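K.L.:
dropping the sequence and predicted coords here.
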Amino acid sequence: MRPAPAQALRGSLVPWYRSVARDLPWRQDPSPWAVLVSETMLQQTRVDTVVPYFHRFLDRFPDAAACAAASEDEVLGLWQGLGYYRRARFLHAAAKAAQAGFPETVQGLRALPGVGAYTAGAVASIAFGIPAAAVDGNVERVICRVDGFGDDPRRAAGRRHLQARVEAIQDASVASEVTQGLMELGATVCSPQRPDCGACPWRAVCVARHTDRIEALPNLPARKKPVAVQGTAVVVMRGEQVLLARRPPGLLGGLWEPPWQPDPAGETAGVAALLAARVGLPATQDLHPLGQVVHVFTHRRLTLTVWGMAVSTDVPTPVAPGFYEAMAWCPRGVPGVALSKLAHRILGVVGDGESG
DNA sequence: AAATCGTGGAG
DNA sequence: TCTCCAAGATT
């Protein structure tokens, strides 16, 4: 069995998409800015998770100019809890870059910060009707299966193959429908496990289905498990205020949190006092253990021992030591800065102690 | 090429 | 509880 002609795939895909397309918020107003925001938020993130963030973000920033005029802290504030926070900083930078004129070509879009091959193709096709390929995880899976493509689609040769195949399926008259139809098919029918082949517009021509390789494709390398890391956090209270620190670019970059650090070589003893001293706080004999927090990132499984400490109200704001960009005393209830889920969990340990 | 970078839902 | 992994980009 040979792969189906691109024209035949397009011909059955587009009518199918028009008949089943979900009513998603970014499909109501496919303006370039709204599409860029949605595509950025949707990177490695589920639709159901993104929807409320998308509404809040576009409500505050209806266009790129509004976002460009805002502070990075405010943009991060609208992103808190969504993860992969670098996306928010990139989007903010892209909004500023777009003040010179929103790019209307694949090349121009690709030059925006945080916009890679997929996002450039998605915005070009959905917002501008350009017949560009947008190969995300859904499209990768759908194409590998319909073609019975057994190579690793993430390697350079595989990526080129998928890119060319989708470009062949594309057409200027239905560019948006092809891009969204391919993703809709992967998201709602051709799922990673137990795909609903009976509902697939391509069931008659799917090579994987006819050779019983549906579950085996796409042929992806096994992913690695997160590495276990131990660390120590310090929650310093000054009356009703808690000490928060702003992280540098990288992990949770730009977000605020109670200070923490990985334990050096598995040593836990004295790390809390060391951390407090580094932050420039007075006598640390008040330090007491409050509990533990476990937080799993994509590549790290972090177990933090949380210590508590109270200082008098005349203690000034500590000087940010090396790692952190800044420190501040913030109201514990409504800090007013962007916090990660990890930070919330650390602060939650204090709440648990008080209520229990 | 391989690491890095969050979070939560589903099975 | 454990595994998988989701509309990726960058270095």
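P.N.:
Yep, it's here. Residues are numbered from 1 along each chain as shown, chains lettered A, B, ... in the order given.
K.L.:
quick one: contacts of the helix or strand of chain A with the lowest mean pLDDT?
P.N.:
Ranking every helix and strand in chain A by mean pLDDT, DSSP states H and E puts helix A:271-278 at the bottom, with a mean of 76. Helix A:271-278 has contacts (Cβ atoms under 8 Å, 6 or more residues apart in numbering) with A:232, A:234, A:236, A:259-261, A:263-264, A:284, A:287, A:289, A:305, A:307, A:309, A:321-322. In this view, the C-beta of every residue, glycine as well, is placed from N, C-alpha and C.
K.L.:
tell me the buried residues in it?
P.N.:
With burial defined by 16 or more other Cβ atoms under 10 Å, the residues of helix A:271-278 counted as buried are A:271-276, A:278.
K.L.:
cool, and stretch A:180-196?
P.N.:
Within stretch A:180-196, the residues that count as buried by 16+ other Cβ under 10 Å are A:180-190, A:195.
K.L.:
what residue in the stretch 251-356 of chain A comes nearest to DNA strand C?
P.N.:
Closest residue of the stretch 251-356 of chain A to DNA strand C, Cβ to the nearest atom of the strand: residue A:298 (6.0 Å).
K.L.:
what is the neighbour count of that residue?
P.N.:
When neighbours are counted by other Cβ atoms under 10 Å, residue A:298 registers 10.
K.L.:
quick one: the residue of chain A found nearest DNA strand C and residue A:166, what's the gap?
P.N.:
Closest residue of chain A to DNA strand C, Cβ to the nearest atom of the strand: residue A:116 (2.5 Å). Separation of residue A:116 from residue A:166 (Cβ to Cβ, to the nearest Å) stands at 15 Å.
K.L.:
neighbour-wise, which of those two wins?
P.N.:
Neighbour comparison, residue A:116 and residue A:166: the larger count goes to residue A:166, with 25 against 11 (by other Cβ under 10 Å).
K.L.:
can you spell out which helices and strands pack onto the host helix or strand of residue A:343?
P.N.:
Assigned by DSSP states H and E, residue A:343 belongs to helix A:341-355. Where contact means 3 or more Cβ pairs under 8 Å, 6 or more residues apart in numbering; DSSP states H and E, helix A:341-355 is packed against strand A:227-238, strand A:241-246, strand A:256-257, strand A:288-296, strand A:300-310.
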